[in-house]
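1. following is a predicted model, sequence given first.
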Amino acid sequence: MVAAVCAAAAASATPSQAATRHYWISAESTRWDIVPNGRDVIMGMPIDAPERVTTAVVYRRYTPGWKKRMPNTARSADNDGIPGPLIEARVGDTVFVHFRNRDQAYRKPHSMHFHAFTYAPSSDGTYIPYVSGRGGNVPFGGSFTYKLIAGPQSAGAWPYHDHSSTMEESIHRGLYGPMVIMGRKEKPPDRRFVVVFQHMGPYATINGKAFLGNTPTFHAKVGDVVEWDVIALGENFHTFHVHGHRWLNHAGVPEDNRDIGPGGSFRVRWREDAPGRWYYHCHVESHQMNGMIGMYEVSR
């Protein structure tokens, strides 16, 4: 049993200076296996339906000028495709996101729309007929740079996603990603875990994968301050539950299960003190049994 000991944010000793940050990101199509190990290990059943493999559209991060894809490591914020790369900033920062549409498979327009940030209408990344500019519907082969400001109300965990004329089909194919904006004085956690609930085809997925052994297995040590950044996209409501743990909500009340709807996001923190292997999952049972479950392993 774990008592929550950390609020949603922690302060460092000295404030951080505002910075200008640049991200080079492309939308591209890729083969995506939702159940790469081919099994529902809880039920002991093979998963061999053709729907488990699809042509996804994903965001990937590159070096300046889109010259070279960033490696897929925790340091580079998970650049394998779903979800897209983590965009990080602090309150006060200015962020430029340089976007290019490389969707070779579908050759449809795409964009990037960012929750939380302050921006001019030209950087909204939303297609509005006869109104929006180039950034709302970037054609295949085109590019656009979004200018974003992290204001006082921007701190938290948030999604970004396609909001072009192909928004609905693109999000279902994987065109979304996470953002974390820290306060000016906020100390980063020892471990950060991104969890995105979304349905792909017939499967309920976490970060584009379904069933144990495919969904992320997260690791922490006793004493670590861990942060979970939780996002939901699509048409379904979910709940976020971690076995053996509780955290404090904004009213200071302990909880171990929080509701989240489409487009919603939140983050929770605690200092880890419960070694063992634990489930985390959506507590809508049909979602859990259809793949929306993962492992959380805590070592001493």
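-> Great, that's in hand.
2. only the buried residues of the lengthiest strand in the chain, if you could.
-> If you go by DSSP state E, the chain has its longest strand at strand 20-33. Residues of strand 20-33 classed as buried by neighbour count (16 or more other Cβ atoms under 10 Å): 23, 24, 25, 26, 27, 28, 29, 30, 32. Heads up, the C-betas are built off the backbone N, CA and C, glycines and all.
3. going by distance to residue 101, which of the residues you listed wins?
-> The nearest member of the buried residues of strand 20-33 to residue 101, counting by Cβ to Cβ, is residue 27 at 5.3 Å.
4. name the nearest residue to that closest one, sequence neighbours excluded.
-> residue 110 (4.5 Å; Cβ to Cβ, 6 or more residues apart in numbering).
5. which strands and helices lie in contact with the longest strand of the chain?
-> If contacts are counted by 3 or more Cβ pairs under 8 Å, 6 or more residues apart in numbering; DSSP states H and E, strand 20-33 sits against strand 53-62, strand 87-90, strand 94-102.
6. of these, which approaches residue 244 most closely?
-> Taking the helices and strands packed on strand 20-33 one by one with Cβ to Cβ, strand 87-90 is closest: 28.8 Å.
7. from the contact counts, what lies against that closest one?
-> Short answer (3+ Cβ pairs under 8 Å, 6+ apart): strand 87-90 packs on strand 20-33, strand 94-102, strand 176-182.
8. give the partner strands of whichever helix or strand comes after the first one in its sheet and their orientations.
-> Toward the C-terminus, strand 20-33 is succeeded by strand 39-40 as the next helix or strand (DSSP states H and E). Strand 39-40 has these partner strands in its sheet, going by DSSP bridges: strand 45-46 (antiparallel).
9. rewinding a little: quick one: which of the helices and strands packed on strand 20-33 is nearest residue 190?
-> That would be strand 87-90 among the helices and strands packed on strand 20-33, by Cβ to Cβ, at 15.6 Å.
10. mind giving me the packing neighbours of the least confident helix or strand in the chain by mean pLDDT?
-> Lowest on mean pLDDT, DSSP states H and E among the helices and strands of the chain sits strand 247-248, with a mean of 93. Here strand 247-248 touches strand 254-255, strand 265-271, going by 3+ Cβ pairs under 8 Å, 6+ apart.
11. with mean neighbour count, distance to residue 59 and mean pLDDT as added columns, please give the ones you listed in TSV.
-> Shown next, in TSV, are the helices and strands packed on strand 247-248 (neighbours: other Cβ atoms under 10 Å; distance: least, Cβ to Cβ, whole Å; pLDDT from 0 to 100):
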stretch	mean neighbour count	distance to residue 59	mean pLDDT
strand 254-255	13	31	96
strand 265-271	21	17	96
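12. what does stretch 185-195 contact?
-> Contacts to stretch 185-195, defined as Cβ atoms under 8 Å, 6 or more residues apart in numbering, come from residues 9-12, 14-16, 78, 83, 86, 90, 155, 157, 178, 180, 182, 206-207, 216, 218-220, 224-231, 240, 269, 280, 294, 296.
13. pLDDT on that stretch, on average?
-> Regarding stretch 185-195, the rounded mean pLDDT is 96.
14. what is the end-to-end distance of it?
-> Using Cα to Cα, to the nearest Å, one end of stretch 185-195 lies 25 Å from the other.
15. what do you get for stretch 259-279?
-> Terminal residues of stretch 259-279 are spaced 17 Å apart (Cα to Cα).
16. give me the beta-bridge partners of residue 21?
-> Using DSSP bridges, the bridge partners assigned to residue 21 are residue 95.
17. let me know the pLDDT of it.
-> Residue 21 carries a pLDDT value of 97.
18. surely residue 271 meets residue 227?
-> No - counting by Cβ atoms under 8 Å, residue 227 is not a contact partner of residue 271; they are 10.9 Å apart.
19. wait, what's in contact with the residue nearest in space to the middle of the chain?
-> Per Cα atoms, centre = their mean, the C-alpha nearest to the average position across the chain is that of residue 178, at 3.3 Å. Neighbouring residues of residue 178 by Cβ under 8 Å, 6+ apart: 83, 84, 86, 87, 157, 158, 159, 160, 194, 196, 229, 231.
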